[in-house]
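*Asks:* Provide a 3D model corresponding to the input given below.
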Amino acid sequence: MGIINARSPHFISVSDADLATATLDIEIYTGNETTGYSGTPTYSLSKKIILNTTKISFEISELIRDYLDINFEGDYEGSAENFCKWVRTTLTAFDGNGVQLSQTISTDLAFDSYGYFEEGANYSFEYEGLLMSNNEIFINSGDEIKIPVQTDRSVTIKFYDSDNGLLDSETFTLSDQSQDKVVYSSYIDDQAAKATIQYTGDSGSETSTVKISQLSECRFTPYKTTFINKFGVLQDLYFFKKSVEKMTTKRESYKANTLTSNNTYNTYNHTKRDFNIVANESVSLSSGFVNESYNEVFKQLMLSEKVWITNENNQVYPINIKTSNITYKTSVNDRLVEYTIEFENSYNVLNDIR
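*Replies:* Next comes the predicted model:
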């Protein structure tokens, strides 16, 4: 089993000296890896060989993305059911007479994730354990600690206090169910200062360590945003410092006829009337001081197609990023690393949903 990053191109190829045509059947499904598929392809593709070549390739990411739609209303575990889907491919090669040359059947796990250019084609993050790139998280003191992990193999999450005293431990076992391939820690303790994620990687037993910085902000209201990160899963990002809220409006107008049949008019009637008024609210948020590993977090935030914000009543609302560029900050150049990002609500102030 491999990982398909559906936001990056994923190629499936066959090569043969006598190759003339190839077909690719794709079935996208959830549930059990070996028994969940129906045998009826979601897509059936066919290609002919290009003259003077011996290889046929299919690019399937865009087709898979149609079936990966992550939504979030505060329930991380419920959303995890939509993080990934099984993709069963049957690649069959034929010669010029229609005689079958080969057939390859493969089942992979697809995420709405991506690789960077430097990571090359068909990059896979299988057996990563920790599904976020930063080694420290900053959260509001006393909030639930949410760390996404991959359960391609057995994973154990342990929480420690500042004296390395064990506070809690939970083990997730390997599952063949797609909805169990991503799990979240669900732990609340303002004494938690470190988490370790123990898993089996390509080179054997490995451990990732995440420092937990729980901050108590007394002057500003902390904002929690949640976005889809590089690995195609939900990740929290807190903004602790200054926030500025704004509202913008757009309107159309026309000149109304207020003249009566007696050739008089009322001075209290509008002759210039507004209509189709649309208002949108936005907020500019400052992260407060973070470490340099958060350069990657903000990079992934800027690349995210879906972002949500949780208000003080634990209500979740969709937002869009208005900021179009950021400058990466380092302790050498800037001494302190802090980011300010502007978001706008992904809905109008006036309810116009029809």
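*Asks:* Mind giving me the packing neighbours of the longest helix along the chain?
*Replies:* The longest helix of the chain (DSSP state H) is helix 294-303. Where contact means 3 or more Cβ pairs under 8 Å, 6 or more residues apart in numbering; DSSP states H and E, helix 294-303 is packed against strand 223-228, strand 234-239. To be clear about C-beta, it is placed using only N, CA and C from the backbone, and glycine gets the same treatment.
*Asks:* Tell me which residues of it come out buried.
*Replies:* Tyr294, Asn295, Glu296, Val297, Phe298, Lys299, Gln300, Leu301, Met302 (16 or more other Cβ atoms under 10 Å).
*Asks:* contacting residues around the residue nearest to Lys230 when sequence neighbours are not counted?
*Replies:* Spatial nearest neighbour of Lys230, chain neighbours left out: Gln300 (4.9 Å); criterion: Cβ to Cβ, 6 or more residues apart in numbering. Counting by Cβ atoms under 8 Å, 6 or more residues apart in numbering, Gln300 touches Ser133, Phe227, Asn229, Lys230, Gln235.
*Asks:* any idea how this protein splits into domains?
*Replies:* 3-119, 129-216, 219-354 (automatic domain parsing).
*Asks:* Quick check: what element follows the least confident helix or strand in the chain by mean pLDDT along the chain?
*Replies:* One helix or strand of the chain scores below all others by mean pLDDT, DSSP states H and E: helix 76-80, with a mean of 81. Helices and strands here follow DSSP states H and E; after helix 76-80, the next one along the chain is strand 84-94.
*Asks:* in its sheet, what does that next one sit against?
*Replies:* Applying DSSP bridges, strand 84-94 is found paired with strand 21-29 (antiparallel), strand 100-111 (antiparallel).
*Asks:* Please enumerate residues in contact with the longest one?
*Replies:* Put plainly, it is strand 100-111. 1-6, 14, 16, 18-19, 28, 33-34, 37, 64, 68, 83-95, 126, 152, 178, 181, 231-233.
*Asks:* Glu118 - that's part of a helix, no?
*Replies:* Yes. Glu118: assigned to a helix according to DSSP: H, G, I helix; E, B strand; the rest coil.
*Asks:* Compute the number of surrounding residues for it.
*Replies:* 6 (other Cβ atoms under 10 Å).
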